[in-house]
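Undergrad: The following comprises the amino acid sequence and a computationally predicted model.
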Amino acid sequence: MTAQWPVADEDVARFTAPQRDIPDTEWDFSHVVFGDDDLIAVGADLEVGTLLNAYSNGLFPMPIGRGKLGWFSPVQRGVFPIDGFHVSGSLRKHAKRFSVRFDTRFTEVMTACGDEKREHGWINDEFIVAYSELHRLGWAHSCEVLIDDELVGGVYGVRIGRFFAGESMFHRRTDASKVALWALTATMAAAGMRLFDVQWTTPHLVSLGAVDVPRAEYLRLLSEARNA
């Protein structure tokens, strides 16, 4: 279904483009001990080297409490099969009113995802600064959905090898975030990406094709995609 989205060559190129070198980090997540909880570790920082080391080893950060960073690796991990996006007839019809771009308004997408009015919002200024730097260095991407030049939806995440970690998405018009996911999965499929991580599934994501896999299986898929 994803191949039916009109994929542009220049967007595919973004997912295979060289990425800039990053500084070393004092934090190494390659030896963490995975337990029975989703929360694996607390502390560290949001430097680009720390973030990429964490994602490479199956962890991602979220704030927990005042000024604390938690590093998570869900026991059941949500993933999107690259060729498994479910396109309903109504979505196919409504998608015609939107246009899609990649990597033109990354920080604006992140800011919209972190809108304080959204329930369970967790994206603060520290995260926006950190991931905007990842984007500047070529390690993070955004998919923007527009009507005319108005940003009405989007999704952003981190790319390492043929692995993409979707972080958050938002919409201001009906179906705008669905269109973002449709365009993103189609573009990743065309670029030969192998793993699309969505962290935790929700009923909404499951309805679009997301599935849960056990942590051990996820880590195997991550290793294959990261090193491809």
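TA: Good, I have the coordinates.

Undergrad: Output the longest helix belonging to the protein.
TA: helix 176-190 (DSSP state H).

Undergrad: just checking, what packs against that one?
TA: Counting contacts by 3 or more Cβ pairs under 8 Å, 6 or more residues apart in numbering; DSSP states H and E, helix 176-190 packs against helix 9-14, helix 89-94, strand 99-102, strand 140-147, strand 150-160, strand 163-171, strand 195-199. Where you see a C-beta, it was placed from the backbone N, CA and C, and this is true even at glycine.

Undergrad: Between the ones you listed, which has the poorest mean confidence score?
TA: In terms of mean pLDDT, the lowest-scoring of these is helix 89-94 (a mean of 89).

Undergrad: how about it: buried residues?
TA: 91, 94 (16 or more other Cβ atoms under 10 Å).

Undergrad: got the contact list for it?
TA: Outside of helix 89-94, the residues within contact range by Cβ atoms under 8 Å, 6 or more residues apart in numbering are 4, 174-175, 178-179, 182.

Undergrad: Mind putting the residues you listed into TSV with distance to residue 226, pLDDT and neighbour count?
TA: Formatted as TSV, the contacts of helix 89-94 follow (distance: Cβ to Cβ, whole Å; pLDDT from 0 to 100; neighbours: other Cβ atoms under 10 Å):
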residue	distance to residue 226	pLDDT	neighbour count
4	28	77	11
174	35	94	12
175	32	95	20
178	27	95	25
179	28	96	26
182	25	96	27
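
Undergrad: Among these, which pair sits farthest apart?
TA: Maximum pairwise distance in those, criterion Cβ to Cβ, is 20.2 Å, between 4 and 174.

Undergrad: starting at the chain centroid, how far to the helix or strand of the chain with the lowest mean pLDDT?
TA: The weakest-scoring helix or strand in the chain, judged by mean pLDDT, DSSP states H and E, is helix 89-94 (a mean of 89). Relative to the centre of its chain, helix 89-94 is centred 24 Å away, using Cα atoms, centre = their mean, to the nearest Å.

Undergrad: next one: stretch 93-103
TA: 18 Å.

Undergrad: Same check on stretch 85-98?
TA: 21 Å.

Undergrad: what's the first-to-last distance across that stretch?
TA: Across stretch 85-98, the terminal residues are separated by 18 Å (Cα to Cα, to the nearest Å).

Undergrad: Residue 210: which of the helices and strands packed on helix 176-190 is closest?
TA: Of the helices and strands packed on helix 176-190, nearest to residue 210 by Cβ to Cβ is strand 195-199, at 5.5 Å.

Undergrad: what lines up beside the closest one in the sheet?
TA: The pairing partners recorded for strand 195-199 under DSSP bridges are strand 76-80 (antiparallel), strand 163-171 (parallel).

Undergrad: that older thread, so what's the gap between the longest helix of the chain and the chain middle?
TA: 11 Å.

Undergrad: export stretch 166-181 as PDB, just CAs?
TA: Output of stretch 166-181 as PDB, limited to C-alpha atoms (Å, rounded to 0.1, in the frame of the first residue of the first chain):
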ATOM      1  CA  GLY A 166       9.900   7.800  15.000                       C
ATOM      2  CA  GLU A 167       9.700  10.100  18.000                       C
ATOM      3  CA  SER A 168       6.400  12.000  17.800                       C
ATOM      4  CA  MET A 169       3.700  13.300  15.400                       C
ATOM      5  CA  PHE A 170       1.000  15.900  15.500                       C
ATOM      6  CA  HIS A 171      -2.000  17.100  13.400                       C
ATOM      7  CA  ARG A 172      -4.100  20.300  13.200                       C
ATOM      8  CA  ARG A 173      -6.300  19.000  10.400                       C
ATOM      9  CA  THR A 174      -8.100  15.600  10.200                       C
ATOM     10  CA  ASP A 175      -5.900  12.900   8.700                       C
ATOM     11  CA  ALA A 176      -2.800  15.200   8.500                       C
ATOM     12  CA  SER A 177      -0.700  12.900  10.800                       C
ATOM     13  CA  LYS A 178      -1.900   9.800   8.900                       C
ATOM     14  CA  VAL A 179      -0.700  11.400   5.600                       C
ATOM     15  CA  ALA A 180       2.700  12.100   7.300                       C
ATOM     16  CA  LEU A 181       3.100   8.500   8.300                       C
END
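
Undergrad: Many thanks, have a good one.
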